[in-house]
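1. Here is a sequence together with a model predicted from it:
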Amino acid sequence: MEKNSKIFVAGHQGLVGSAIVRKLKTEGYTNSITRTRNELDLLDQQAVADFFANEKPEYVFQAAAKVGGIMANKTYPAHFIYENLQIQNNIIHSAYVNNVNKLIFLGSSCIYPKMAEQPIKEDSLLTGPLESTNDAYAIAKIAGIKLCQSYNQQYGTNFISLMPTNLYGPGDNFDPQTSHVLPAFIRKFHGAKKSNIPSVTLWGSGNAMREFLHVDDLADACIHLMKYYDGSEIVNVGTGKDMAIKDLAATVQEIVGYKGDIIWDTSKPDGTPRKLLDVSKLSTLGWEPKIKFMDGIAETYEWFQVNHGQHD
């Protein structure tokens, strides 16, 4: 990938896509192509085909996806499976038709079985049942992996698939109904602090274990692997370290500066008990995360206050 290569970042306004655009710019790549949803509907097969035929991107970061937390996945499974299948099918097929040099497909750690052995190795894929609260989304992502592998096998394309762990950072989704756990905690604690609410109720037992990666680290890993990894086998992208949700809550509470109590609503689901990625393959490919967790959360909270804090 040259500094003037034509690079299409699909989903550039989302958490991951915006981080990739920032990183490309920082590293001196001068020819990124982006389209807003109004300019290019990725659900529209013909529109995507026309875009690729006209623009002829050389490299593609497929970061466009419909994403959300447990509540959103449970409530809208049809939206999650349909929209993700449509988006990735349109982009991956058009990348093949238009001879894209290389494509990165971004999956998710939720593709792995609910009770996968920890830490989760890449070869755990399809070895057991999925977590039921987000299996529709997971199956769409698994289909994306298989699509890339199938095109590589049949057509000799160079489409690689990365499986990020739980992500956070500037640009995250803080919507009360659809956000993931870390931004949801930031919003709840911030709102309770501003309103002097004596306690905050959080879902589940707090015992589930999760791993978190700053989105700027993921963007760095994406560019590194675009340069240095070719192959159909998936690659986990994470930190290799996890924490209990209770500890996450305490960390966010401290950074936000909320002094009240935390109440755990155990009638609500925890989701997968533990989801820690084995990142040994990533390490052998020469990449390690750089952003410290406390620093990353503090930066994310600062971004939230500037962009959303006044509304709570």
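-> That came in fine, so what should we check first? Numbering: from 1, shown residues only.

2. buried set for stretch 254-269?
-> Using 16 or more other C-beta atoms under 10 Å as the test for burial, stretch 254-269 gives Ile255, Val256, Tyr258, Ile262, Trp264, Pro269. From N, CA and C alone the C-beta is placed, and that goes for glycine too.

3. Residues contacting that stretch, please?
-> Contacts to stretch 254-269, defined as C-beta atoms under 8 Å, 6 or more residues apart in numbering, come from residues 70, 133, 186, 189-190, 192-193, 197-206, 246, 249-250, 253, 294, 297-298, 301.

4. Mean pLDDT per helix and strand in the chain: which one sits at the bottom?
-> helix 70-75 (a mean of 80; mean pLDDT, DSSP states H and E).

5. Now do the helices in the stretch 101-250 of the chain.
-> All helices of the stretch 101-250 of the chain, identified by DSSP state H, counting those that start in this stretch, fall at 135-155, 181-194, 215-228, 245-256.

6. Quick check: which of those is nearest to His12?
-> helix 215-228 (11.4 Å; C-beta to C-beta).

7. Pull the residues that contact that closest one.
-> 1, 15-16, 19-20, 22-24, 27, 59, 61, 102, 104, 106, 160, 162, 164, 167-172, 235, 237, 239, 282, 285-287, 289-291.

8. of these, buried ones?
-> 15-16, 19-20, 22-24, 59, 61, 102, 104, 106, 160, 162, 164, 167-172, 235, 237, 239, 282, 287, 289, 291.

9. Now that we have the contacts of stretch 254-269, which of them are buried?
-> Of the contacts of stretch 254-269, these count as buried by 16+ other C-beta under 10 Å: 70, 133, 186, 189-190, 192-193, 200, 202-206, 246, 249, 253, 297, 301.

10. Can you classify Asn84 by secondary structure?
-> Following DSSP: H, G, I helix; E, B strand; the rest coil, Asn84 is assigned to helix.

11. ok, and the closest non-adjacent residue to it?
-> Spatial nearest neighbour of Asn84, chain neighbours left out: Ala140 (3.6 Å); criterion: C-beta to C-beta, 6 or more residues apart in numbering.

12. Equivalent analysis for Lys121, please.
-> Asp278 is the one closest to Lys121 (C-beta to C-beta, 6+ apart), at 4.6 Å.

13. Distance-wise, check the closest residue in space to Ser199 that isn't next to it in sequence relative to Ala192.
-> Distances taken as C-beta to C-beta, 6+ apart place Asp261 nearest to Ser199, at 4.2 Å, with adjacent residues excluded. Asp261 sits 10 Å away from Ala192, going by C-beta to C-beta, to the nearest Å.

14. In the stretch 201-312 of the chain, where is pLDDT below threshold?
-> Residue ranges of the stretch 201-312 of the chain with pLDDT under 70: 310-312.

15. Quick one: the strands in it, in order.
-> 209-210, 212-214, 235-237, 243-244, 261-265, 274-275 (DSSP state E, counting those that start in this stretch).
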